[in-house]
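A.B. asks: take this sequence and fold it.
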Amino acid sequence: MPDIEPGDVVVQVIQKKHAIFMRKGADLMMKKQITLAEALTGFKFTMRHLDGRYVKIESAGGQVIKPDSLMTASGLGMPFYKKSYQSGNLFITFSVKFPDSLNDSQISNLGSALKSLGKSKSEEGEA
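C.D. replies: Okay, the predicted model is just below:
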């Protein structure tokens with residue numbers, strides 16, 4: 001307004017907590033629980049990103065996910081300031097849900113499968 005001393009405009013941005021994501025700069029972090037079977041044989045899941053699009057996340061073939069493993073999904077974080085064409089990363093920390101109990105058949109099958117993992121290449125040729 002004329003004849004009034006100019007002042008500063010102060011804007012305060014308050015960041016709300018999100019149910020899934022936690023922000024660290026341009027990077028996003030999330031936790032995901034998977035089953036023991038998924039940890040050993042692979043997983044696939046679809047998640048809804050902050051911008052509304054659906055993103056498919058899957059493990060690499062043959063990869064075993066250990067409890068508290070960290071996976072990086074490049075470019076799925078927040079856009080960089082003044083570089084909106086570039087984004088940070090999404091870091092996913094996995095927790096593995098173990099079964100409470102196993103029946104006799106499951107124990108036998110699992111024991112057979114795991115014993116073959118411990119064999120060396122020369123032992124496999126002899127069998």
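
A.B. asks: going forward, measure contacts and count neighbours with C-alpha atoms only.
C.D. replies: Will do.

A.B. asks: quick check: residue 16 vs residue 23, distance?
C.D. replies: 10 Å (C-alpha to C-alpha, to the nearest Å).

A.B. asks: who's more crowded, the two?
C.D. replies: Set side by side, residue 16 and residue 23 give different neighbour counts by other C-alpha atoms under 10 Å, the larger being at residue 23 (15 against 7).

A.B. asks: give the helix, strand or coil label for the more buried one.
C.D. replies: Reduced to three states with DSSP: H, G, I helix; E, B strand; the rest coil, the structure at residue 23 is strand.

A.B. asks: do the one 10 residues further on as well
C.D. replies: Under the three-state scheme (three-state DSSP), residue 33 adopts strand.

A.B. asks: beta partners for it?
C.D. replies: Beta bridges link residue 33 to residue 95 when assigned by DSSP bridges.

A.B. asks: verify the contact between it and residue 95 for me.
C.D. replies: Yes: counting by C-alpha atoms under 8 Å, residue 33 touches residue 95, with 4.7 Å between them.
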